[in-house]
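1. model this:
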Amino acid sequence: MVHTASGREVRHGLEDDDADTICAMATPSGQGGVAVVRVSGSRALEVAEEVAGPLPAPREAGLRRFRDARGETLDHGLVLVFPGPGSYTGEDVVELQGHGSPAAVTAVLEALCAAGARPAGPGEFSERAFLNGRLDLTQAEAVASLIEAETDGARRAALRALSGAFGQRVDGLADRMIDLRALIEAFLDFPEDEDVPADPPELAAEIEALGSELAEIRRRAAAGVRFGEGIRVALVGPPNAGKSSLLNVLSGEEAAIVSAQAGTTRDVVRQWAALGSRHAELLDTAGLRDAEAQDEIEAEGARRARAAASEADLLLVVIEAGKTLDEELRARIAEQAPRPVVVIVNKIDASGDEAGWEGESEVGAHVRRARVSAHTGAGIEALRRGLAALVDREAGEDAWAARHRHIEALDRAGEELEEALVVARRGGQEELVAEALRRAQTALGEITGRVSHEALLGRIFSGFCIGK
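-> Prediction:
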């Protein structure tokens, strides 16, 4: 028996309480053309019939009037019935599609509750889909990621996870760990069996193969996490090089103060923009110059600029045309490797340089160079295209929508595999190898829900929309 995030008890995926039927608005709140109210549970058909009258045939839309217990008309719209277990939640589901009036929706929900339903908790529909075997946890969380997607890349990553590809790879790896554990247990019980990998180097090779597969899964999941959070892009360089102007141009908003006076930016200015398929947080930083020329406030701004540069996924180093990179900027570029850097030569309208985007720079293989004028717009479109291509390449086209909890679980599994590998290479303690593999398998099980805990389910589904 499991206590779910909503507090009810379930056994073998179905509610013990047959009267536990939930309802909620499945479309965004506020005014709109259409609002969808969803009902799910063992009494969903009965409850919906109390409000909408005789229900249409499954998966066939029927026009109905929605009435309360007194017979007063609340709204009218379409009704769709999805019998379990072939519904989203695995239970009987009914959708009432009425007008997008907040007052009408509230009245319909109140009528459904009076008929025997109760308001759904956050994510409870997706939670039931998981508990009834319709989705694994990665797919359930991908539903939330798809709703939250703000870029095309995030949408594609969410759809890849929703298809089950992420969960299938994790479960496949866990199954391989189970198989290897079974062989080790067989060796311990039947050491004379020739089919058992009793030789430590052979066992180590099997564990190394598991580690390689785990690393690939983590890479794709980590890329998906960054899709959800957005990529961090820091603009650094000397004072008055045009960093604030570039931030305004790239974001399309006047977010940063632009002045001919050097040192206008003292703190980190943050602004969001779309770069390629990803959402990017642009960080405009204070200018970097000799410590002797800085007052106390400017020195603190420079410290924050260096901190932003060290944490950036992509570093934009902005200098004036005709100027060269000083030692500090070269150090910032070297520290960034292998993360990408773009050296942007700004103010070419004053120097007469030709605008454009270049490939690898002489500064390093991870460095690109662009020549632009934030004032006239020369080279800005080439810069946008170059940054978009660079970001998309770093993101990869095979990312899965993922959460930090997935990365934490994958890292724990990786630590256990490392422990298993050390023991396997040493030899003679195969039972410890098997135990480390068991712990790694348990960590992977938390990702898809093969191993679930009440607190874990509560944390996952409490962040969902009410109607999901």
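
2. mind listing the strands in the stretch 251-400 of the chain by residue range?
-> Counting by DSSP state E, counting those that start in this stretch, the stretch 251-400 of the chain has strands at residues 269-275, 278-284, 314-320, 341-346, 356-361, 364-371.

3. Just send those strands back as JSON lines, with mean neighbour count, mean pLDDT and distance to residue 73 too.
-> For every residue, glycine as well, the C-beta is placed using N, CA and C. Supplementary listing: the strands of the stretch 251-400 of the chain in JSON lines, determined by neighbours: other Cβ atoms under 10 Å; pLDDT from 0 to 100; distance: least, Cβ to Cβ, whole Å:
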{"stretch": "strand 269-275", "mean neighbour count": "18", "mean pLDDT": "79", "distance to residue 73": "45"}
{"stretch": "strand 278-284", "mean neighbour count": "24", "mean pLDDT": "79", "distance to residue 73": "44"}
{"stretch": "strand 314-320", "mean neighbour count": "24", "mean pLDDT": "88", "distance to residue 73": "57"}
{"stretch": "strand 341-346", "mean neighbour count": "24", "mean pLDDT": "90", "distance to residue 73": "62"}
{"stretch": "strand 356-361", "mean neighbour count": "14", "mean pLDDT": "74", "distance to residue 73": "63"}
{"stretch": "strand 364-371", "mean neighbour count": "19", "mean pLDDT": "81", "distance to residue 73": "63"}
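
4. got those as TSV, with distance to residue 180 columns?
-> TSV is the format used below for the strands of the stretch 251-400 of the chain (distance: least, Cβ to Cβ, whole Å):
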stretch	distance to residue 180
strand 269-275	42
strand 278-284	37
strand 314-320	40
strand 341-346	42
strand 356-361	43
strand 364-371	38
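
5. Looking at those strands, spot the one closest to residue 400.
-> strand 278-284 (14.7 Å; Cβ to Cβ).

6. Run the chain-centre distance for the closest one.
-> Mean-position distance between strand 278-284 and its chain equals 16 Å (Cα atoms, centre = their mean, to the nearest Å).

7. Which strands or helices does it pack on?
-> helix 152-162, strand 231-236, helix 243-251, strand 269-275, helix 380-395 (3 or more Cβ pairs under 8 Å, 6 or more residues apart in numbering; DSSP states H and E).

8. State the mean pLDDT of the helix or strand that the last one is followed by.
-> Right, helix 380-395. As assigned by DSSP states H and E, the chain's next helix or strand after helix 380-395 is helix 404-426. Helix 404-426 shows a mean pLDDT of 93.

9. ok and helix 404-426 relative to helix 152-162, angle-wise?
-> In terms of direction (axes from the mean of the first three to the mean of the last three Cα atoms, to 10 degrees), helix 404-426 departs from helix 152-162 by 60 degrees.

10. List the buried residues of the very next helix or strand once past helix 404-426.
-> Later in the chain than helix 404-426, the nearest helix or strand by DSSP H and E is helix 430-448. The neighbour-count check on helix 430-448 (16 or more other Cβ atoms under 10 Å) flags 430, 432-437, 439-448 as buried.

11. Check stretch 112-127 too.
-> Quick answer for stretch 112-127 (16+ other Cβ under 10 Å): 112, 115-118, 120-127.

12. now it: how far from the chain's centre is it?
-> The answer for stretch 112-127 is 26 Å, by Cα atoms, centre = their mean.

13. cool, and stretch 177-190?
-> 36 Å.

14. mind checking how far the residue lying closest to residue 373 once chain neighbours are set aside is from residue 249?
-> With Cβ to Cβ, 6 or more residues apart in numbering as the criterion, residue 373 has its nearest non-adjacent residue at 4.2 Å, and that residue is residue 349. Applying Cβ to Cβ, to the nearest Å, the value for residue 349 to residue 249 is 13 Å.

15. Kindly report the same for residue 99.
-> Counting by Cβ to Cβ, the gap from residue 99 to residue 249 is 43 Å.
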